[in-house]
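Visitor: Just a sequence and a predicted model for now, questions to come.
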Amino acid sequence: MTASQSQGGNVDQAEIAKFEALAHRWWDPEGEFKPLHDINPLRLDFIDARAGLAGHRVLDVGCGGGILAEAMAHRGAEVTGIDLGEAPLAVARLHAEESGASVDYRRISVEDLAEARPGEFDIVTCLEMLEHVPDPASVVRACARLVKPGGQVFFSTLNRNPKAYALAVLGAEYLLRMLPKGTHDYAKFIRPSELAAWCRDAGLEVREQNGLTYQPLTRRYRLSATDVSVNYLVHCRREAP
Ligand SMILES: C[S@@+](CC[C@H](N)C(=O)[O-])C[C@H]1O[C@@H](n2cnc3c(N)ncnc32)[C@H](O)[C@@H]1O
């Protein structure tokens, strides 16, 4: 058990501090968060095509500086974004003010929000966050509680295998320097089978898994229905009671 877990929360303060320190760079499309900017149109379309964002109540868990949350609001969703980092949320609020996006940003854990507002959301998104928490299965359970029966939940994270280590850690952090060193902890990467088991245990039906693959030559990402070997997206539906 880590120090932060023993204090009662499912949070690794060192992870939060990492994102706090970089928060001012969140909206620089060529900065440390470039990969999130680059994959955002793909993941936004993936979610919109499966859940239909316009007019729906959406919760974005681990929203950071708001790259996805804002984009979903611009598609007509009523978005709440939660995170435990103060600085990323401050950046997110400022950016939304400038862009005219309406997003309700809050500093609260997903577990506490699930206690307070179970079943309130049509759609829950939790992207690139599970690999930064001590107990990702607890986040999956909370997301399942927060969505309405029949509602949609989306996760994305990094697979745990030698290829993912080579590309996401050695390649992105050390070779290409796309990300600061230490951004990812390989031990926290999650196999699709592990995530699927947590989803099923939480009452979520896994409908689809899609890879987000990086092409080093073109420096572009694309969605792949078959290659979930590195970064991947999962679409689930909360089973009706
Ligand atoms: C890689 S960023 C992803 C941001 C956003 N989801 C995206 O994909 O554009 C990870 C985010 O998770 C947040 N985070 C880490 N641990 C968390 C926790 N226990 N509860 C809520 N947010 C957390 C960090 O503060 C950071 O903003």
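Guide: Okay, I see it.
Visitor: Only the buried residues of stretch 38-51, if you could.
Guide: Across stretch 38-51, burial judged by 16 or more other C-beta atoms under 10 Å covers 38-40, 42-44, 46-48, 50-51. C-betas here are computed from N, CA, C, even on glycine.
Visitor: One more: stretch 234-241?
Guide: In terms of neighbour count (16+ other C-beta under 10 Å), stretch 234-241 has its buried residues at 234-238.
Visitor: Stretch 188-206 now?
Guide: So, applying 16+ other C-beta under 10 Å, buried residues of stretch 188-206: 188-192, 195-196, 198-199, 202-204, 206.
Visitor: can you check stretch 10-22 too?
Guide: In terms of neighbour count (16+ other C-beta under 10 Å), stretch 10-22 has its buried residues at 10-12, 15-16, 19-20, 22.
Visitor: Now intersect those residues with the helices, please.
Guide: 15-16, 19-20, 22 (DSSP state H).
Visitor: closest to residue 166 among the residues you listed?
Guide: Of all these, the one sitting nearest residue 166 is residue 15; the distance, using C-beta to C-beta, is 22.3 Å.
Visitor: interface residues of the chain facing the ligand?
Guide: Taking C-beta under 6 Å from any ligand atom as the criterion, the neighbours of the ligand within the chain are 10-11, 15-16, 19, 36, 62-64, 67-68, 83-85, 88, 109, 127-129, 132-133.
Visitor: Just the ones in helices from those, please.
Guide: 15-16, 19, 36, 67-68, 88.
Visitor: a markdown table for those residues, including distance to residue 178 and pLDDT?
Guide: As requested, those are arranged in a markdown table below (distance: C-beta to C-beta, whole Å; pLDDT from 0 to 100):
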| residue | distance to residue 178 | pLDDT |
| --- | --- | --- |
| 15 | 19 | 93 |
| 16 | 22 | 96 |
| 19 | 16 | 94 |
| 36 | 11 | 94 |
| 67 | 16 | 98 |
| 68 | 19 | 98 |
| 88 | 19 | 98 |
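Visitor: Which of these sits closest to residue 123?
Guide: Using C-beta to C-beta, residue 68 is the member of those that sits closest to residue 123, with 11.6 Å.
Visitor: How many residues are close by the closest one?
Guide: The burial metric for residue 68, expressed as a neighbour count using other C-beta atoms under 10 Å, is 26.
Visitor: who touches it in this structure?
Guide: With contacts taken as C-beta atoms under 8 Å, 6 or more residues apart in numbering, residue 68 has the following neighbours: 36, 40, 43-44, 60, 125, 127.
Visitor: so how far is residue 190 from it?
Guide: For residue 68, the distance to residue 190 (C-beta to C-beta, to the nearest Å) stands at 19 Å.
Visitor: And for residue 212?
Guide: Taking C-beta to C-beta as the measure, residue 212 and residue 190 are separated by 14 Å.
Visitor: for residue 42, what are its contacts?
Guide: Each residue near residue 42 by C-beta under 8 Å, 6+ apart is listed here: 212, 221-223.
Visitor: Could you tell me which of the residues you listed are located in strands?
Guide: For these, membership in strands holds for 212, 221-223, with DSSP state E as the criterion.
Visitor: What is the nearest of those to residue 157?
Guide: Lowest distance from residue 157 to these (C-beta to C-beta) belongs to residue 212, with 10.4 Å.
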